[in-house]
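Colleague: next input, structure requested:
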Amino acid sequence: MEAPVLTDRNQYPSDELVFSHLGKRRALWEALFAFIDAEHPDFEKRWRFYDDGKRWLMNVSRKKKTVFWLSLAAGTFRITGYFTDKARDAILASALPEEFKEPFLSKAGAGKLRGITITFKKKRDVEDAKALIALKTS
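Modeller: Below you'll find the model as predicted:
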């Protein structure tokens, strides 16, 4: 697992700071947010420091509904969307690859939220994120 970054409560995650941690994965960040800004201009992006995890996380939401949570690690970033059991059929029918569906579907959770996490390492991850966003907004 990558080392966590953005752990200083007093250092707001500016673009410059975020990009300094992402390195070559900056292009994936820019592709994801170019898509969001073009296709979902109503999404709100908010950074907040969380004491329980001792780090900054970004909440991306539409109105009051969270679409995904974003965290940074050394050299990468990840997004996680949370779903209830009611989303099972939609997840099965989605464009998400099996590597994301299987862990979600194999965990029984009667009414509990379960996450689908995408860690950005390659261009394909942006397409998977688009599928995750489509699930959360449908």
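Colleague: tell me what the helix or strand bottoming out on mean pLDDT in the chain is packed against?
Modeller: Taking mean pLDDT, DSSP states H and E as the measure, the helix or strand of the chain with the lowest value is helix 98-106, at a mean of 85. Packing contacts for helix 98-106, counted by 3 or more CB pairs under 8 Å, 6 or more residues apart in numbering; DSSP states H and E, involve helix 88-93, strand 114-119. Just so you know, the C-beta spots here come from the backbone N, C-alpha and C atoms, and that holds for glycine as well.
Colleague: contacting residues around the first one?
Modeller: Residues outside helix 88-93 that contact it (CB atoms under 8 Å, 6 or more residues apart in numbering) are 83, 101, 104-105, 116, 135, 138.
Colleague: could you pull up the mean pLDDT of that helix?
Modeller: Mean per-residue pLDDT for helix 88-93: 90.
Colleague: from the chain's centroid, how far away is it?
Modeller: Helix 88-93 sits 19 Å away from the centroid of its parent chain (CA atoms, centre = their mean, to the nearest Å).
Colleague: and for stretch 59-70?
Modeller: Here stretch 59-70 is found 9 Å from its chain centre; the criterion is CA atoms, centre = their mean.
Colleague: name the helix or strand for Glu127, please.
Modeller: In this structure, Glu127 sits in helix 124-137 according to DSSP states H and E.
Colleague: list the buried residues of that helix.
Modeller: By neighbour count on 16 or more other CB atoms under 10 Å, the buried set for helix 124-137 is 125-133, 135-136.
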